[in-house]
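Chemist: turn this into a structure:
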Amino acid sequence: MKYKRVVIKIGTAILTKNGKLSKKRILNIADLVMRLKKIGIDIILVSSGAVSAGHIKLQLDKTKLVNRQALASIGQTYLMSIYQKEFYKFDITISQVLLTRTDFDSRKRSSNIKQTINVLLKNGILPIINENDSVATDELVFGDNDQLSAYSTHFLDADVLVILSDIDGYFDKNPHIYADAKIRKLVQEINDYELLQEVSPNNEFATGGIVTKLKSAKFLMDRSQSMFLSSGINLKFVEKFITGQSYKKGTLFKSKI
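Modeler: Now for the predicted structure:
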């Protein structure tokens, strides 16, 4: 199955390497987006990384909320400038859409968001959705970017959410501990105990872990929508999945209904 509209969420662990923004990884994502757009697939990005990008410019104590908000304010423009530069190499014009969860609570606002995104896509523009972290005091908590991407997928009528992570998929046990851990290629049900696992982001600026991704998957599965979790470093499996080809790595979350 080839999808027509896809939301791709890019995590902080993918955007950063050794404490800096990874321009190479962003360039690779831009290359993927270019190839997908060429075959008629609408792409919407949801990006993390504003706080991390801000910390590169100003080393504030990130444990304080007010500092994290300031870092997000600094990092947002820096991050978007990198996106703009790398995507321009593939003749892709980007746009920024700053949202919070409350934007989806109002039918009027969510409708306006959808109309704006549709106009951008119709004109070949790539929307990049970011959390409005610098003003939303309850947004800098575990999982918001994962959940924002799930909300965006649902309310923007996307066919599937693709989360780019630093892991190859959802394993049957912790791959960092167990050498025999195996990827679950298809998940059709998420149990409550899976959602109660300890949240353990690997990156110091990340805002979640596997649990937040499972919550996002469940949100979509409960609404008869799907999510695909795969590596954001090796993008060949993501491309194969989106274009309907056979893929060896990655996990598809899809309800039985």
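Chemist: quick check: the nearest residue to residue 62 once chain neighbours are set aside vs residue 51, distance?
Modeler: Closest residue to residue 62 apart from its sequence neighbours, by Cβ to Cβ, 6 or more residues apart in numbering: residue 68 at 5.5 Å. Where you see a C-beta, it was placed from the backbone N, CA and C, and this is true even at glycine. Plainly put, residue 68 is 5 Å away from residue 51 if you go by Cβ to Cβ, to the nearest Å.
Chemist: who has more neighbours, those two?
Modeler: Per other Cβ atoms under 10 Å, whichever of residue 68 and residue 51 has more neighbours is residue 51, with 29 against 24.
Chemist: so the more buried one is in which element?
Modeler: helix 50-57 (DSSP states H and E).
Chemist: distance between that helix and the chain's centre?
Modeler: Distance, stretch centre to chain centre, for helix 50-57: 18 Å (Cα atoms, centre = their mean, to the nearest Å).
Chemist: the residue lying farthest from the centre of the chain: helix or strand, and which one exactly?
Modeler: For the chain, the residue at maximal distance from the C-alpha centroid (Cα atoms, centre = their mean) is residue 180, at 27.7 Å. Using DSSP H and E, residue 180 maps to neither a helix nor a strand.
Chemist: where's the residue nearest to it when sequence neighbours are not counted relative to residue 19, distance?
Modeler: Of all residues not flanking residue 180 in the chain, residue 173 sits nearest, at 7.9 Å (Cβ to Cβ, 6+ apart). As defined by Cβ to Cβ, residue 173 lies at a distance of 30 Å from residue 19.
Chemist: then residue 113?
Modeler: Counting by Cβ to Cβ, the separation of residue 113 from residue 19 is 33 Å.
Chemist: more neighbours: the two, which one.
Modeler: With neighbours defined as other Cβ under 10 Å, residue 113 and residue 19 compare such that residue 113 has more, 20 against 10.
Chemist: in the strand or helix carrying the more buried one, which residues are buried?
Modeler: For residue 113, the enclosing helix or strand under DSSP H and E is helix 107-122. Residues of helix 107-122 classed as buried by neighbour count (16 or more other Cβ atoms under 10 Å): 110, 113, 117, 120, 121.
Chemist: out of these, which is nearest to residue 221?
Modeler: Closest approach to residue 221 among the buried residues of helix 107-122 (Cβ to Cβ): residue 110, at 20.6 Å.
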